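Asker: okay, sequence plus prediction incoming.
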Amino acid sequence: MYPPGHLAIDLILVSSANRMIGKNIIPMWPALIAAILPDIVDKVVTDYLHWMPFGRNYLHNLTAVFVGMVFLWLLSSRWEIGVSWAIGLMGHLIGDFVFIPWFWPWFDYVWPNETRQIAQGVVQTVMDLAQGKELSPLAAAVWQYGRLIMECVMFGAVLIYLSNRFKSSIRTFALIVSLCAWLYIVIQWDWAPFMWSFEHFGIK
Ligand SMILES: [Zn+2]
């Protein structure tokens, strides 16, 4: 999943958690960091450092959910910050459900074959755009435009849902739009690859 989809899911989850608790006690920012940071760290680890064979590794697993939660909790002396990280990273993993090494590093994994170089592709995209060139193959391979547009729809609708400037009927409608966009993304782009990866990759 791209950043807009991850941000949308985590905004929905943390606001729902606050709603269930009945007050705005869980801060949003740790969850939003958990929406973005895993893809930066894990893709750099894979593309530039070559420490791992696939771009979902150190921060794409349940250990990182738990360790991050305890670490932030102890560091800040506020459980809400740790819980926000845990919710946010779980949301991230759910968004990336096609393949997640859930129990890494406790089990060995058969990793998917990554044909794209995502971190390098993003950097190349910025360089190509800055020079006004057409995207080179390395850059173009990173972007599925239809999916990116749907994730932006999802994200925009969530922002409307969370904004006080709109009537509650519009906000409810926006939430439904966002959830439908997510469902469409899963059916259109994720489900078949998930079934394939479920059969071929996973714990050794
Ligand atoms: Zn990810």
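Answerer: On my side now, so go ahead.

Asker: buried stuff in whichever strand or helix holds residue 72?
Answerer: Taking DSSP states H and E as the criterion, residue 72 maps to helix 62-76. Across helix 62-76, burial judged by 16 or more other Cβ atoms under 10 Å covers 62, 64, 65, 68, 69, 72, 73. Yep, even glycine has a C-beta here, placed from its N, CA and C like the rest.

Asker: and for stretch 196-204?
Answerer: Neighbour count says stretch 196-204 has 197, 201, 202 buried, by 16+ other Cβ under 10 Å.

Asker: residues in contact with it: which ones?
Answerer: 98, 99, 103, 107, 108, 109, 110, 111, 112 (Cβ atoms under 8 Å, 6 or more residues apart in numbering).

Asker: returning to what we had before: now the helix holding residue 72: average pLDDT?
Answerer: Averaging pLDDT along helix 62-76 gives 98.

Asker: and for stretch 95-102?
Answerer: Across stretch 95-102, the average pLDDT comes to 96.

Asker: quick one: residues in contact with it.
Answerer: For stretch 95-102, contacts defined as Cβ under 8 Å, 6+ apart pick out 1, 5-6, 9, 54, 56-57, 60-62, 93, 109, 111-112, 190, 193-194, 197, 201.

Asker: one more pass at 7 Å, please.
Answerer: 1, 5-6, 9, 56-57, 60-62, 93, 109, 112, 190, 193-194, 197, 201 (Cβ atoms under 7 Å, 6 or more residues apart in numbering).

Asker: got phi/psi on residue 202?
Answerer: With angles defined as degrees, to the nearest 10, residue 202 sits at phi 140, psi -160.

Asker: tell me the spacing between it and residue 61.
Answerer: From residue 202 across to residue 61, the span is 13 Å (Cβ to Cβ, to the nearest Å).

Asker: hmm, back to that, save the buried residues of stretch 196-204 as TSV, and put in distance to the ion too.
Answerer: Shown next, in TSV, are these (distance: Cβ to the ion, whole Å):
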residue	distance to the ion
197	14
201	16
202	17
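
Asker: closest to residue 161 out of the residues you listed?
Answerer: Nearest to residue 161 among the buried residues of stretch 196-204: residue 197, at 31.1 Å, using Cβ to Cβ.

Asker: give me the pLDDT for the closest one.
Answerer: Taking residue 197 on its own, its pLDDT is 91.

Asker: which residue, other than its chain neighbours, is closest to it?
Answerer: Distance criterion Cβ to Cβ, 6 or more residues apart in numbering; nearest residue to residue 197, sequence neighbours excluded, is residue 99 at 4.5 Å.
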